[in-house]
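J.: Starting from these lines, generate the structure:
(chains A and B)
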Amino acid sequence: MTPAFDLWVYLSSTPLLWLTVTLLVWIAADRIALASGRHPAVNPVLISIVTLGAILLLTGTSFAAYFQGAQFVHFLLGPAIVAIAVPLYRNLDKVKANILPMAAALVAGSVTAAVSALGVAALFGVPDNVLASLAPKSVTAGVAMGIAEQFGGQPALTAVLVITTGLIGAIIVTPLMNALGLKDYAARGFAAGLSAHGIGTARAFVVDEVAGTFAGIAMALNAVMTALILPLILYWFLK
Amino acid sequence: MIEAFALLLLCQLAGEILSHGFGLPMPGPVVGLLLLFAGLFVAQRFVTLSPQTINDTALGRTTGGLLQHLSLLFVPAGVGVIDHLGLINSYGPVLFLALLVSTALSLAVTALVFTWVKNRQTGRMAS
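T.: Down below sits the predicted model:
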């Protein structure tokens, strides 16, 4: 055994290495995004995931070993979601003025997200257990996995589909809203949070605080809405 | 800053207890968000606190900092996808197409319905 190998074996088993690597990769990805003028296609989350995934595969590191370090970043998700209460409180007047638009958009968006995904997949003959895993893909991961399991889906597949949905949403939301000529950050943010949960909400907070606030509200509401309406929608799609 | 962070954790903890205790369809952190939001309303009756000044408080600065970097916090879970690449079977391309179509449609429908109802609302108030 070479000393370098010994050092690698030691470091790769401590949380320090993978926590540091996660932050450094993120900083680099965020710099690249900043240099592109925050171009929507240059998504720092996607760049970081691909880079870190490649590093893990090349070094033969398991996700479990990686997560020993990365869990400290992951842990902050909980308090960060709680933190959305502050911009919500700050922008309460805007939220109150948009109660009706939010209610209508919630029902329309929630049904569209589930029915369109199931429709495309069913058209190509995707089996029931995969349909059940796909249906809640716009909902925040923890809730989506619970819903999928309830209908005989695979929670792990749901997690993959949820994250992919979040990345797609975060990347296409800005060009799509510009193409539709929608300038209201409340509407844009609400759509991002409803369709692309936390990753869409994170993108919205980068663009504008009001957009981020409405995205956070939409994410929370859609988790409840999807849990309520999905049994009815799946009834029509599952054989 | 430590007080602010402890307050966030306390709300999350209370949220987890309520969420799991009552089997709510909302994750613990979202319940915690609602608790903190309600707490701010109660607090503004007793201390100097208003929507205009909250960003200058320790809580405002701590939450602002966390939310500015919200994207980073999704990276570890995202990397977890590599553990499940095996699940992407022959249906992978179809599922990706379904996600692409559905995400674009739900973004557009949500924002258009929101704007349509909003415009009707303001139109009625103006007339």
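J.: Now do the SS call for B:Arg45.
T.: coil (DSSP: H, G, I helix; E, B strand; the rest coil).
J.: Which helix runs longest in chain B?
T.: helix B:92-126 (DSSP state H).
J.: ok, now chain A?
T.: Chain A, longest helix under DSSP H: helix A:209-237.
J.: That helix near chain B anywhere?
T.: Yes: for a cut-off given as Cβ under 8 Å from any Cβ of the partner chain, helix A:209-237 has contacts with chain B, namely A:212, A:216, A:218-220, A:223-224, A:227-228. Placement of C-beta: from N, CA and C, glycine included.
J.: got a winner among these for most neighbours?
T.: A:Ala218 (31 neighbours; other Cβ atoms under 10 Å in any protein chain shown).
J.: looking at it, that residue is touching A:Ala196, isn't it?
T.: No: with contact defined as Cβ atoms under 8 Å, A:Ala218 and A:Ala196 do not form a contacting pair (9.6 Å).
J.: dump the residue contacts of the residue nearest to A:Phe214 when sequence neighbours are not counted.
T.: Of all residues not flanking A:Phe214 in the chain, A:Gly189 sits nearest, at 3.7 Å (Cβ to Cβ, 6 or more residues apart in numbering or on different chains). With contacts defined as Cβ atoms under 8 Å, 6 or more residues apart in numbering or on different chains, A:Gly189 is in contact with A:201, A:204, A:207-208, A:210-215, A:218.
J.: residue ranges with poor pLDDT in chain A?
T.: A:1 (pLDDT under 70).
J.: quick one, domains of it?
T.: A:3-75, A:83-237 (automatic domain parsing).
J.: Tell me which of those is the most buried.
T.: domain A:83-237 (a mean of 22; mean count of other Cβ atoms under 10 Å in any protein chain shown).
J.: List the contacts of B:Thr48.
T.: Counted by Cβ under 8 Å, 6+ apart, B:Thr48 has zero contacts.
J.: err, A:Val82, not the other one
T.: B:8, B:11-12, B:15, B:29, B:32-33, B:36.
J.: Near chain A, list only the ones from the residues you listed.
T.: B:8, B:11-12, B:15, B:29, B:32-33, B:36.
J.: Output the contacts of A:Val82 in JSON lines; the columns should cover secondary structure and neighbour count.
T.: JSON lines is the format used below for these (DSSP: H, G, I helix; E, B strand; the rest coil; neighbours: other Cβ atoms under 10 Å in any protein chain shown):
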{"residue": "B:Leu8", "secondary structure": "helix", "neighbour count": "26"}
{"residue": "B:Cys11", "secondary structure": "helix", "neighbour count": "27"}
{"residue": "B:Gln12", "secondary structure": "helix", "neighbour count": "27"}
{"residue": "B:Gly15", "secondary structure": "helix", "neighbour count": "25"}
{"residue": "B:Pro29", "secondary structure": "helix", "neighbour count": "25"}
{"residue": "B:Gly32", "secondary structure": "helix", "neighbour count": "30"}
{"residue": "B:Leu33", "secondary structure": "helix", "neighbour count": "28"}
{"residue": "B:Leu36", "secondary structure": "helix", "neighbour count": "26"}
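J.: so which of the residues you listed comes closest to A:Val139?
T.: B:Pro29 (13.9 Å; Cβ to Cβ).
J.: ok, and the closest non-adjacent residue to that closest one?
T.: A:Ile81 (3.7 Å).
J.: swap in A:Phe67?
T.: B:Pro76 (6.3 Å).
J.: Check B:Ala77 too.
T.: In space, B:Ala77 is closest to A:His74, 6.1 Å off (Cβ to Cβ, 6+ apart).
J.: Now do the same contact list for the one you found.
T.: A:67, B:73, B:76-77 are the contacts of A:His74 under Cβ under 8 Å, 6+ apart.
J.: same thing but 10 Å
T.: Neighbour list for A:His74: A:22, A:67, B:73-77, B:79-80 [criterion: Cβ atoms under 10 Å, 6 or more residues apart in numbering or on different chains].
J.: Quick check: the gap between it and A:Phe205.
T.: 18 Å (Cβ to Cβ, to the nearest Å).
J.: shouldn't A:Ala114 be in contact with A:Tyr235?
T.: No: contact between A:Ala114 and A:Tyr235 fails when scored by Cβ atoms under 10 Å: they sit 11.8 Å apart.
J.: Among the contacts of A:His74, which ones are in helices?
T.: Short answer: the contacts of A:His74 in helices (DSSP H) are A:22, A:67, B:75-77, B:79.
J.: quick one: which of those residues is nearest A:Gly109?
T.: The closest of the ones in helices among the contacts of A:His74, once distances to A:Gly109 are taken by Cβ to Cβ, is B:Ala77, at 23.3 Å.
J.: before we move on, which element is the residue most central in space within chain B in?
T.: With distances taken as Cα atoms, centre = their mean, B:Val30 lies nearest the centre of chain B, 7.0 Å away. For B:Val30, the host element (DSSP states H and E) is helix B:28-43.
J.: What is whatever helix or strand comes next after that helix packed up against?
T.: Using DSSP H and E, the next helix or strand after helix B:28-43 towards the C-terminus is helix B:58-68. Applying 3 or more Cβ pairs under 10 Å, 6 or more residues apart in numbering or on different chains; DSSP states H and E, we find helix B:58-68 packed against helix A:77-83, helix A:85-90, helix A:185-207, helix A:209-237, helix B:2-22, helix B:28-43.
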